[in-house]
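Peer 1: Let me see the structure of the following:
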Amino acid sequence: MKKLDSEKTILLVIGGITLLVVIAIVIFSFNEQKQTKGTADVVTYTQNQSDRPKVTVSDKSYDLGKMKVKDEKTAEFTLENTGNKTLQLYKISSSCDCTFGQVEIEGNKSPEFSMHASGSWTGNIEPGKKAKLSVIYRPSIMPVSGIVTRDVYVQTNDPENPKLTFTVKADVE
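Peer 2: Residues are numbered from 1 along each chain as shown. Got it, this is the predicted structure:
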């Protein structure tokens, strides 16, 4: 009788784990579909098209210098649309949960995006206009010491620059 009870227990545990895995897969699939729907309004172009957006950036890296773990520092980068069609920014994320990207276009700020960012935010920069990308580093979230580099990734509809990487470097004490 004890052998039968232990076999039932093992089967229940295996069944429970299987059910949790299936639920996790369903939730992950739903989130991926939701994120894809959010960027469905992104207009795509090819490099051969003369009428298209073109992103020009001020710089792609910045040294934040020395900082303490409890400090927060921000680097700002300028993105300009030098093309003749609307430049779209989307799928912003970072290389670490301690690093955030936030875009400001004509006074309107996006949410802060981090490593596991998901959402349907899309920013539009009209031809001749600029946006500001703030890369915010908060080492207290993932404490480290020494020289570190962190990245923020921004996808665009510029066919020559579909994914931009902005890097900050800091010496954390």
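
Peer 1: can you map out the helices along this structure?
Peer 2: 2-38 (DSSP state H).

Peer 1: Output the lowest mean pLDDT helix or strand found in it.
Peer 2: Lowest by mean pLDDT, DSSP states H and E among the helices and strands of the chain is helix 2-38, with a mean of 62.

Peer 1: Now do the same contact list for residue 137.
Peer 2: 64, 67, 72, 73, 74, 75, 98, 99, 150, 168, 170 (CB atoms under 8 Å, 6 or more residues apart in numbering). Where C-beta positions appear, they are placed from N, C-alpha and C, glycine not excepted.

Peer 1: who's in contact with the second one?
Peer 2: Yep, that's residue 67 we're talking about. Residue 67 neighbours (CB under 8 Å, 6+ apart): 73, 137, 139, 170, 171, 172, 173.

Peer 1: can you do 6 Å?
Peer 2: 73, 170, 172 (CB atoms under 6 Å, 6 or more residues apart in numbering).

Peer 1: again, but for the third one
Peer 2: Residue 72 is in contact with residue 138, counting by CB under 6 Å, 6+ apart.

Peer 1: 7 Å - rerun?
Peer 2: Contact analysis of residue 72 by CB atoms under 7 Å, 6 or more residues apart in numbering lists 136, 137, 138.

Peer 1: Rebuild the residues you listed as a markdown table, extending it with pLDDT and distance to residue 93.
Peer 2: As requested, the contacts of residue 72 are exported to a markdown table (pLDDT from 0 to 100; distance: CB to CB, whole Å):
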| residue | pLDDT | distance to residue 93 |
| --- | --- | --- |
| 136 | 98 | 13 |
| 137 | 98 | 15 |
| 138 | 98 | 16 |
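
Peer 1: residue ranges for the strands of the chain, please.
Peer 2: In the chain, the strands defined using DSSP state E lie at 55-57, 61-67, 73-81, 87-94, 99-105, 108-109, 122-125, 130-137, 146-156, 163-172.

Peer 1: Point to the residue nearest the middle of this protein.
Peer 2: residue 93 (1.0 Å; CA atoms, centre = their mean).

Peer 1: Quickly list what the closest residue to residue 122 other than its chain neighbours is bridged to.
Peer 2: In this structure, residue 122 finds its nearest non-sequential neighbour in residue 90, 4.5 Å apart by CB to CB, 6 or more residues apart in numbering. Beta-bridge pairing for residue 90 (DSSP bridges): residue 122, residue 155.

Peer 1: still on that earlier bit, okay, the contacts of residue 72 in CSV with distance to residue 52 next?
Peer 2: Shown next, in CSV, are those (distance: CB to CB, whole Å):
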residue, distance to residue 52
136, 31
137, 33
138, 36
